[in-house]
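# all I have is the shape, not the residue letters:
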């Protein structure tokens with residue numbers, strides 16, 4: 001039966017997306033890469049869960065009690081349904097685990113956003129910029145109503161005037177472009193389908209690159225932003241660990257608690273800033289290959305999930321005739 005073959009494909013389509021994520025993050029314009037990777041991650045995660053749901057339902061309808069409640073023939077269903085009980089039970093367990101992981105991640109992100117908004121509201125002053133008396137170099141953006149840019153005196157001392165301008169432009173870009181929403185959506189997709197974790201990691205990088213490019217546009221000097229990123233990284237190299245911040249926080253060196261953790265993207269960002277910017281003229285000059293590939297991948301996954309669900313519907317229609 002077609003369903004038995006197609007229903008498993010949406011579970012495998014996240015693999016090519018994960019393999020291509022870093023390449024797309026490096027080669028595409030950051031804003032486009034962020035939108036593309038986040039959208040694909042959400043779609044592929046949802047479709048893989050839908051495929052698991054079809055498998056679970058295919059096993060559920062074989063049960064005599066379910067057949068009595070639904071007024072269809074269990075024998076006809078078993079004859080036309082190739083999904084075994086073991087497959088259905090396994091799919092149901094995996095779907096339950098994915099749902100629980102997604103709900104847990106969603107709860108964590110909601111709490112983090114609420115904590116960030118509360119902390120932003122409690123900071124002194126009413127302006128966007130908040131200067132805190134702390135020798136440890138630090139700078140980050142707190143989403144809230146309104147969002148705040150928090151900079152320590154240690155970071156201000158580590159940078160000159162031009163670098164401070166670049167740093168502040170970077171943090172303001174995080175707030176203006178709502179980068180936390182993209183990162184949260186990508187991590188939610190990865191929580192539901194762990195195969196998509198490389199995509200979530202790539203999105204965490206592309207939002208930093210997006211903020212870098214916005215800062216370069218605001219300052220009019222890409223090298224200045226690259227210099228600010230490098231100097232901030234050197235300043236925090238020997239600094240004590242930062243206090244725990246909400247997961248909604250984004251900083252000049254990325255969204256992390258330890259300045260040295262995940263330092264790998266810093267050289268990539270600096271190299272990208274020192275190279276020629278990637279620019280497109282929408283809508284006619286977008287790169288067709290990655291956009292077409294993403295559309296084909298998501299479209300094929302949706303088609304397979306729909307075909308499997310349609311076959312299941314035909315089995316039920318036949319059994320109830």
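Arrived safely. Just so it is clear, the structure is predicted and the values come from calculations on it, not from any experiment. Numbering: from 1, shown residues only.
# which SSE is the residue nearest in space to the middle of the chain in?
If you average the C-alpha coordinates of the chain and look for the closest C-alpha using Cα atoms, centre = their mean, you land on residue 186, 1.5 Å from that point. In this structure, residue 186 is located in helix 179-192 according to DSSP states H and E.
# which helix or which strand is home to the residue lying closest to residue 112 once chain neighbours are set aside?
With Cβ to Cβ, 6 or more residues apart in numbering as the criterion, residue 112 has its nearest non-adjacent residue at 3.8 Å, and that residue is residue 247. Every C-beta, even on glycine, is put in place using the N, C-alpha and C of the backbone. Secondary-structure element containing residue 247, defined by DSSP H and E: none, the residue being outside all helices and strands.
# rewinding a little: how far does the helix holding residue 186 sit from the chain's center?
Mean C-alpha position of helix 179-192 versus that of the full chain (Cα atoms, centre = their mean, to the nearest Å) differs by 3 Å.
# contacts for it?
The contact list for helix 179-192, computed with Cβ atoms under 8 Å, 6 or more residues apart in numbering, reads 34-35, 37-38, 41-42, 44-46, 48-49, 98-99, 101-102, 104-106, 109, 113, 116, 143, 173-174, 196-197, 199-200, 203-204, 207, 210-211, 248, 250, 255.
# out of these, list just those in helices.
Judged by DSSP state H, helices contain the following of the contacts of helix 179-192: 34-35, 37-38, 41-42, 44-46, 48-49, 98-99, 101-102, 104-106, 109, 113, 116, 173-174, 197, 199-200, 203-204, 207, 210-211.
# got a ChimeraX select line for the buried ones in the residues you listed?
What follows is the ChimeraX syntax for the buried subset of those, where burial is set by 16 or more other Cβ atoms under 10 Å:
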select :34,35,37,38,41,42,44,45,46,48,49,98,101,102,105,109,113,116,173,174,197,199,200,203,204,207,210,211
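# show me where this protein has helices.
2-6, 9-12, 14-27, 30-60, 64-70, 74-80, 85-122, 153-158, 161-176, 179-192, 197-219, 222-236, 265-274, 288-319.
# switch those over to a markdown table; also include mean pLDDT.
Below are the helices of the chain laid out as a markdown table (pLDDT from 0 to 100):
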| stretch | mean pLDDT |
| --- | --- |
| helix 2-6 | 62 |
| helix 9-12 | 90 |
| helix 14-27 | 93 |
| helix 30-60 | 91 |
| helix 64-70 | 57 |
| helix 74-80 | 58 |
| helix 85-122 | 90 |
| helix 153-158 | 90 |
| helix 161-176 | 93 |
| helix 179-192 | 94 |
| helix 197-219 | 94 |
| helix 222-236 | 89 |
| helix 265-274 | 89 |
| helix 288-319 | 81 |
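# nearest to residue 131, of those?
Taking Cβ to Cβ as the measure, the helices of the chain were each checked against residue 131, and helix 153-158 came out nearest at 6.6 Å.
# chain center to that closest one, what's the gap?
Its chain's average C-alpha position is 31 Å from that of helix 153-158, according to Cα atoms, centre = their mean.
# and what of stretch 271-278?
For stretch 271-278, the distance between its averaged C-alpha position and the chain's averaged C-alpha position is 23 Å (Cα atoms, centre = their mean).
# next one: the residue nearest to the centre of the chain from residue 136, what distance?
29 Å (Cβ to Cβ, to the nearest Å).
# again, but for residue 267
Using Cβ to Cβ, one gets 23 Å for the distance from residue 267 to residue 136.
# those two: who's more crowded?
Neighbours per residue, other Cβ atoms under 10 Å: of residue 267 and residue 136, the larger number sits with residue 136, 17 against 12.
# gap between that one and residue 156?
Residue 136 sits 12 Å away from residue 156, going by Cβ to Cβ.
# now swap in residue 166 and tell me
Using Cβ to Cβ, one obtains 13 Å as the distance from residue 166 to residue 156.
# who's more crowded, the two?
Legend: neighbour count by other Cβ under 10 Å for residue 166 and residue 156, higher for residue 166 (28 against 16).
# what's near enough to touch residue 21?
Taking Cβ under 8 Å, 6+ apart as the criterion, residue 21 is in contact with 37, 198, 199, 201, 202.
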